[in-house]
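S.K.: Output the structure for:
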Amino acid sequence: MNVFRGSGQCLELSNGGTEVFIDVLMLSVSDLADDEWDYRFAALLALQDQNVMGRGAVGFDLEDIAWGASAAESARSKDFVLRTVALALNRHRWSELGYDPSSARNHLLRFAFMVESILPSGGTRLCAGFPSPQERAVASCARHRVLSALPHWEGCFLCHR
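M.R.: Here you go, the predicted structure:
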């Protein structure tokens with residue numbers, strides 16, 4: 001079981017549910033990212049690829065994300081995640097998956113609620129598990145136009161299938 005936590009809530013997903021959840025978020029985050037923090041969040045999502053990290057071995061806690069040093073930065077980061085989820089809920093690029101991610105909607109709605117409920121603490125601390133600015137996802141798979149977790153592995157989640 002893979003667990004995503006935040007605001008005292010858990011989104012527990014099977015391996016297949018996690019794959020679908022991360023796939024649809026990666027398609028959205030790849031098209032929306034335009035700031036260093038966005039690419040750090042994209043790297044966090046890319047690192048949830050169970051085909052590389054291991055089945056049942058992924059997940060993260062929203063409390064462990066470095067949301068920003070100020071209230072304004074935290075609000076901007078939170079808004080980015082919510083926009084990413086909203087774009088995924090609109091079935092953005094789902095036709096590229098090769099399958100119908102029918103289970104994604106409920107997981108995305110639950111995750112959005114968790115993100116909306118979180119009260120990010122400001123600060124410049126680096127959080128364990130949240131990629132540093134140097135580890136941000138800056139590489140994009142030329143074939144699929146999806147951000148990749150280089151230097152951890154080559155290619156995007158679609159390449160690993």
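
S.K.: CA atoms for contacts and neighbours, from now on please.
M.R.: Noted.

S.K.: quick one, what contacts Asp38?
M.R.: Val29, Ser77, Phe80 (Cα atoms under 8 Å, 6 or more residues apart in numbering).

S.K.: Spatially nearest residue to the last one, not counting backbone neighbours?
M.R.: It refers to Phe80. Asp38 (7.2 Å; Cα to Cα, 6 or more residues apart in numbering).

S.K.: Name the secondary structure element that contains that neighbour.
M.R.: Here Asp38 sits within helix 36-46, counting by DSSP states H and E.

S.K.: Extract the C-alpha set from that helix and format it as CSV.
M.R.: Extracted in CSV, the C-alpha atoms of helix 36-46 (Å, rounded to 0.1, in the frame of the first residue of the first chain):
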residue,chain,number,x,y,z
GLU,A,36,12.0,26.4,-9.6
TRP,A,37,9.5,25.2,-6.9
ASP,A,38,7.2,23.7,-9.5
TYR,A,39,10.1,21.6,-10.9
ARG,A,40,10.9,20.4,-7.4
PHE,A,41,7.3,19.3,-7.0
ALA,A,42,7.5,17.6,-10.4
ALA,A,43,10.6,15.7,-9.2
LEU,A,44,8.8,14.6,-6.1
LEU,A,45,6.0,13.2,-8.3
ALA,A,46,8.5,11.6,-10.7
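
S.K.: thinking in terms of the whole chain, how far from its middle is that helix?
M.R.: 7 Å (Cα atoms, centre = their mean, to the nearest Å).
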